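> Provided below for reference: sequence and predicted model.
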Amino acid sequence: MEPTRKTHENRDLDVQKIDPDRPGRCYHDDAVKVMAHPIRASILRLLARGPLTSSGLARHFSSSRYNLYHHLNVLEEYGLVGHRGGKGRAKEFFLVESDRPKNLVMDYNWKDLADHADELADLLARVESMRGSPVPNKERLRRMRIILEYEGGESVREGAE
């Protein structure tokens with residue numbers, strides 16, 4: 001499929017058109033940009049635990065339902081989230097997953113990092129060993145994104161549980 005230009009939240013993004021029969025396809029850099037918004041990152045983190053209805057998701061946010069639906073629509077457009085139901089029934093949203101990933105993006109916020117402090121310390125020690133130098137300002141770390149890229153396949157996103 002040919003890339004097209006789309007604009008979301010005043011940002012130009014090169015995106016691949018989503019084929020409804022083959023969800024989960026979007027370019028790695030654009031998926032990261034889409035996930036960078038804190039509300040969308042939180043939605044993905046919640047859906048990593050399992051499917052939720054729109055009202056179930058709304059309980060976790062103080063913003064309007066319109067705002068929540070906007071972010072869900074962006075995530076669906078980029079093939080990161082799908083839904084079942086609707087038209088008289090509650091929509092249930094879920095993460096789109098693939099058995100042939102193109103990339104895997106793991107996004108951890110400050111709470112995730114605090115909840116897994118020992119694992120983070122081990123990971124950073126290994127990163128320092130690979131770099132051959134210390135990771136600067138470790139004590140100020142508030143967010144960590146790990147990106148694994150595979151040959152071929154489809155884009156996938158996981159949140160911390």
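In hand now; what should we look at?

> All the strands of this structure, residue numbers only.
With DSSP state E as the criterion, the chain has strands at 3-8, 11-16, 52-53, 81-84, 92-95, 101-109, 143-149, 154-159.

> And these, which one averages the lowest pLDDT?
With a mean of 38, strand 11-16 has the lowest mean pLDDT of the strands of the chain.

> So what does the spatially most distant residue from the centre of the chain have for phi and psi?
Outermost residue of the chain with respect to the C-alpha centroid, by C-alpha atoms, centre = their mean, is residue 132; its distance is 30.0 Å. Torsion angles at residue 132 (phi, psi; degrees, to the nearest 10) stand at phi 80, psi 10.

> got the contact list for it?
Under the criterion of C-beta atoms under 8 Å, 6 or more residues apart in numbering, residue 132 has no neighbours. Yep, even glycine has a C-beta here, placed from its N, CA and C like the rest.

> how about the longest helix seen in the chain: buried residues?
Counting residues, the longest helix found in the chain (DSSP state H) is helix 117-131. Neighbour counts using 16 or more other C-beta atoms under 10 Å place residue 120 of helix 117-131 among the buried residues.

> So what's the gap between that helix and the chain middle?
23 Å (C-alpha atoms, centre = their mean, to the nearest Å).

> What about residue 36, how many residues nearby?
As a burial measure, residue 36 scores 14 neighbours (other C-beta atoms under 10 Å).

> Residue 91 and residue 81 touch, don't they?
No: Residue 91 lies out of contact with residue 81 (C-beta atoms under 8 Å); the separation is 10.7 Å.

> Which one of these two is surrounded by more residues?
Higher neighbour count among residue 91 and residue 81: residue 81, with 23 against 16, using other C-beta under 10 Å.

> Any chance you could list what contacts stretch 41-60?
Outside stretch 41-60, the residues that touch it by C-beta under 8 Å, 6+ apart are 35, 61, 65, 68-69, 71-72, 75, 80-81, 84-85, 90-95, 107, 109, 112, 157-161.

> now residue 97: how far from residue 109?
As defined by C-beta to C-beta, to the nearest Å, residue 97 lies at a distance of 21 Å from residue 109.

> of these two, who's got more company?
Neighbour count, other C-beta under 10 Å: between residue 97 and residue 109, residue 109 has more, with 18 against 14.

> Skip the chain neighbours and tell me the closest residue to that one.
Spatial nearest neighbour of residue 109, chain neighbours left out: residue 143 (5.5 Å); criterion: C-beta to C-beta, 6 or more residues apart in numbering.
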